[in-house]
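S.K.: I need the structure of the sequence given here:
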Amino acid sequence: MKIETIFEDNHLIAVVKPQGVPVQKDSSGDQDLQSLIMQHLKDKYNKPGNVFLGIVHRLDRPVGGVMVFAKTSKAASRLSEQIRQNMWKKQYVTIVEGIPFPDSGFLEDHLLKDSGTNTVTIVKSGVPGAKKAELKYQIIEKNSHISMLKIELLTGRSHQIRVQLSSRGWPIMNDHKYNKNHTVGSNIMLWAEKLEIIHPVSREQMKFNAQPPIIFREIINS
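M.R.: Here you go, the predicted structure:
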């Protein structure tokens, strides 16, 4: 599997994560993105021994798009601290069933993850373990029954976009966990399109982009 590199220097690497590929090794035994990139770096620079590649954020396995990995422990620490301070800007594109009203808005919920089932539910504030989740959405295009949305993610909770939209009656197309009408075998219509970070060493503002697969455009125009 060939991985598309958006940017690389001595401190970090930004890539396009393919849909359906786990970020790191899991119980499935399937090829994972971290191992693929580590092998790529090992081959590219003819490095003996192990290659360091720090995971500082994640995308759900079904979701594709921009991801950044740290190439040094110092970069990993600094990028992780940026995330803790909510300094990253994340933008997604998704296609949902239904027409959100109003055309743009702000969603806030408290989410609770069940690690046993790997699912997330919305609960009342104050429930032990619940975390606040916030996002902004805006309709980009729509037809009679589906909408393409731009999502600005304000917090980085597990399954956040999927759960928050589904709870409003706007489930993401082909979401096998939170859309009971999903199409078996089809990729989820959720894509991490843009990511803005601060370089861990130079402190330069970095912007990375990855256009959604053509199927997104084909579906909204069908």
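S.K.: in the protein, what residue sits furthest out from the centroid?
M.R.: residue 48 (31.8 Å; Cα atoms, centre = their mean).
S.K.: sec struct for that one, please.
M.R.: coil (DSSP: H, G, I helix; E, B strand; the rest coil).
S.K.: And for residue 202?
M.R.: Relying on three-state DSSP, one would call residue 202 coil.
S.K.: phi, psi of it?
M.R.: phi -80, psi -20 (degrees, to the nearest 10).
S.K.: and the gap between it and residue 9?
M.R.: As judged by Cβ to Cβ, to the nearest Å, residue 202 and residue 9 stand 9 Å apart. For glycine as for every other residue, the C-beta is placed from the backbone atoms N, C-alpha and C.
S.K.: of those two, who's got more company?
M.R.: Comparing residue 202 with residue 9 by neighbour count (other Cβ atoms under 10 Å), the higher total belongs to residue 9, at 13 against 10.
S.K.: who's in contact with residue 127?
M.R.: Residues near residue 127 by Cβ atoms under 8 Å, 6 or more residues apart in numbering: 110, 112.
S.K.: Please report phi then psi for it.
M.R.: Torsion angles, degrees, to the nearest 10, at residue 127: phi -70, psi 130.
S.K.: Against residue 113, how distant is it?
M.R.: Distance of residue 127 to residue 113, computed by Cβ to Cβ: 12 Å.
S.K.: try residue 140
M.R.: To residue 113, residue 140 is 29 Å away according to Cβ to Cβ.
S.K.: show me what contacts the residue nearest to the spatial centre of the chain?
M.R.: For the chain, residue 59 is the residue whose C-alpha lies nearest the centre (Cα atoms, centre = their mean; 3.7 Å). By Cβ under 8 Å, 6+ apart, the contact list for residue 59 reads 17, 23, 65, 67, 192.
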